[in-house]
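Visitor: Sequence first, then the predicted structure:
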Amino acid sequence: MVIVFVVVVVLALAVFGGLHWYLWRRLVRDTTARPGVSRRVGTAVIIGGPLLMFAAVTSERTGAPFWLQQVLAWPGFLWMALSIYLLLALLIGEAVRPLLRKVLDRRTAPGAEPVTASAVGSAVEPAEVREAAHVPAGASAAGEAPAREAERPPEAPAPTPASASVGPSRRLLISRVVGGAAAVAAVGTVGYGTYGVLSGPKVKRVTVPLAKLPRAAHGYRIAVVSDIHLGPVLGRGFAQKVVDTINSTQPDLIAVVGDLVDGSVKDLGPAAAPLAQLRARHGSFFVTGNHEYFSGAEEWVARVRELGLNPLENARTELAHFDLAGVNDIAGEDEGQGPDFAKALGDRDRARACVLLAHQPVQIHDAVDHGVDLQLSGHTHGGQLWPGNFIADLANPTLAGLERYGDTQLYVSRGAGAWGPPTRVGAPSDITVVELASKQA
């Protein structure tokens, strides 16, 4: 196993290094005519970016001093996003390069054959012969030659290579156009995606009909928020935006379905403090996500309880019109705290409607087996960074939105925050108000 792990790591590093070599070649080497300040600065950026990225991830995972995590997080995680879109833009640029060459070839193609020195001599010689044929009698042709030589304008000097090659070469020009366009596109994409996250999640509304829901509960509203990911980048100010947005929907119940934090209670306790302001008629509930188990799940469960949330650790509470249950995340299995559906749902009355909070969509199959009517999940981020949605879609039964599995419905939120880069592209953040609808007359 150790050998396999080492081989996988070496291959991953080789691929990662090869991709960054490609970025350096297209963005730095090919766009600079010769070694100099520009090439040195570009090389430093291409080397420093991935080093900062690895440092940011490592410092977060190893619990480095929080100030160091904050220093490394912004440049390191933003490089993660920027390198993705630089690579994609440059790959598109490879298809554009031949077109640019054709355009330049057409614009620089001569309209006629160039005039050469031999052509000039052949054109002048017949005129001189005709002029010599009309020399007056008695005049000396030899004597007239010096005079004509004196009257002839001096020939223009032949162009030197230096004067012929003014400005960058065609290949250099194309590289600069493609590289510049790729940089602008990547920076613009990451900038817009980062602004979308930092400005806070938008409210999304979904109606979910439940066959067992009594008429009295028709229109019951659950505010679902997942994947807030408070950490070295998204802090207290972001948490306040999330809380204010949730409260503005005036929900009957609030469900926080995991991945609240990326860090310890010691470092992020103040950032999570605004959660104490959450307001809902029937309270706020919380289940763990995989990132809680990277950050000290037991301490965070205790902390959210202090903030007024009700943790559902493989537990169920019977509300007036339906059961609300929650299971731990799969990541808790390594600590003996994994999901226990039998404990949470085994002895319930299946005639009552049941809503389950479970962080990962893959838990839907156990929910179906236990007769759950609706599962609320997060985890996927909707892919977060396009085209990551295609990979996330392969790893999860539902990427985002509402789908049915037998008699059980699954709703997956894209999440309110972001992990790693505080950036989303093609997967906007959301807080979803799930409105339950009764099918009973």
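Guide: That came through fine. Please read all numbers here as calculations on a predicted model, not as lab measurements. Residues are numbered from 1 along each chain as shown.
Visitor: Just the CA atoms of stretch 220-231, as PDB, please.
Guide: Output in PDB follows, covering the C-alpha atoms of stretch 220-231 (Å, rounded to 0.1, in the frame of the first residue of the first chain):
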ATOM      1  CA  TYR A 220     -44.200  25.100   6.200                       C
ATOM      2  CA  ARG A 221     -40.800  26.700   5.500                       C
ATOM      3  CA  ILE A 222     -37.400  25.300   6.200                       C
ATOM      4  CA  ALA A 223     -34.400  27.500   5.500                       C
ATOM      5  CA  VAL A 224     -31.600  25.100   4.400                       C
ATOM      6  CA  VAL A 225     -28.000  26.300   4.600                       C
ATOM      7  CA  SER A 226     -24.900  24.200   4.000                       C
ATOM      8  CA  ASP A 227     -21.200  24.500   3.400                       C
ATOM      9  CA  ILE A 228     -20.700  27.900   5.000                       C
ATOM     10  CA  HIS A 229     -17.000  27.000   5.500                       C
ATOM     11  CA  LEU A 230     -16.000  29.600   8.000                       C
ATOM     12  CA  GLY A 231     -12.200  29.700   8.000                       C
END
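Visitor: now V28: how far from G93?
Guide: As judged by C-beta to C-beta, to the nearest Å, V28 and G93 stand 15 Å apart. Every C-beta, even on glycine, is put in place using the N, C-alpha and C of the backbone.
Visitor: spatially speaking, which residue is in the middle of the chain?
Guide: L385 (3.2 Å; C-alpha atoms, centre = their mean).
Visitor: wait, isn't that residue in contact with R424?
Guide: Yes - in this structure, L385 is within contact of R424 by C-beta atoms under 8 Å, at 7.1 Å.
Visitor: what do these two both touch?
Guide: Jointly contacting L385 and R424 under the rule C-beta atoms under 8 Å, 6 or more residues apart in numbering are G193.
Visitor: per-residue confidence at the nearest residue to Q277 once chain neighbours are set aside?
Guide: Spatial nearest neighbour of Q277, excluding adjacent residues (C-beta to C-beta, 6 or more residues apart in numbering): V243 at 5.1 Å. As predicted, V243 sits at a pLDDT of 98.
Visitor: Could I get the contacting residues of V243?
Guide: The contact partners of V243, taken as C-beta under 8 Å, 6+ apart, are P274, L275, Q277, L278.
Visitor: want to throw the residues you listed into JSON lines with secondary structure?
Guide: Converted to JSON lines, the contacts of V243 look like this (DSSP: H, G, I helix; E, B strand; the rest coil):
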{"residue": "P274", "secondary structure": "helix"}
{"residue": "L275", "secondary structure": "helix"}
{"residue": "Q277", "secondary structure": "helix"}
{"residue": "L278", "secondary structure": "coil"}
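Visitor: For ChimeraX, what selects the buried ones among those?
Guide: Those of the contacts of V243 that count as buried under 16 or more other C-beta atoms under 10 Å are selected in ChimeraX with:
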select :274,275,278
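Visitor: Now tabulate the contacts of V243 in a markdown table and tack on distance to V177 and pLDDT.
Guide: Formatted as a markdown table, those follow (distance: C-beta to C-beta, whole Å; pLDDT from 0 to 100):
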| residue | distance to V177 | pLDDT |
| --- | --- | --- |
| P274 | 48 | 97 |
| L275 | 50 | 97 |
| Q277 | 52 | 97 |
| L278 | 52 | 97 |
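Visitor: just curious, which of the contacts of V243 is nearest to A392?
Guide: Closest approach to A392 among the contacts of V243 (C-beta to C-beta): L275, at 26.6 Å.
Visitor: I'd say that closest one and R303 touch.
Guide: No - the criterion here is C-beta under 8 Å, and L275 misses it with R303 at 9.2 Å.
Visitor: ranges for the strands of the stretch 251-400 of the chain?
Guide: Using DSSP state E, counting those that start in this stretch, the strands of the stretch 251-400 of the chain run over 253-257, 284-287, 310-311, 315-318, 323-326, 354-357, 374-377.
Visitor: so where is the stretch 101-250 of the chain shaky, pLDDT-wise?
Guide: Counting by pLDDT under 70, the stretch 101-250 of the chain contains low-confidence ranges at 109-168.
Visitor: Oh, that last question was meant for the stretch 301-441 of the chain, not what I typed.
Guide: In the stretch 301-441 of the chain (pLDDT under 70), the answer is 441.
Visitor: now the end-to-end length of stretch 252-262.
Guide: 28 Å (C-alpha to C-alpha, to the nearest Å).
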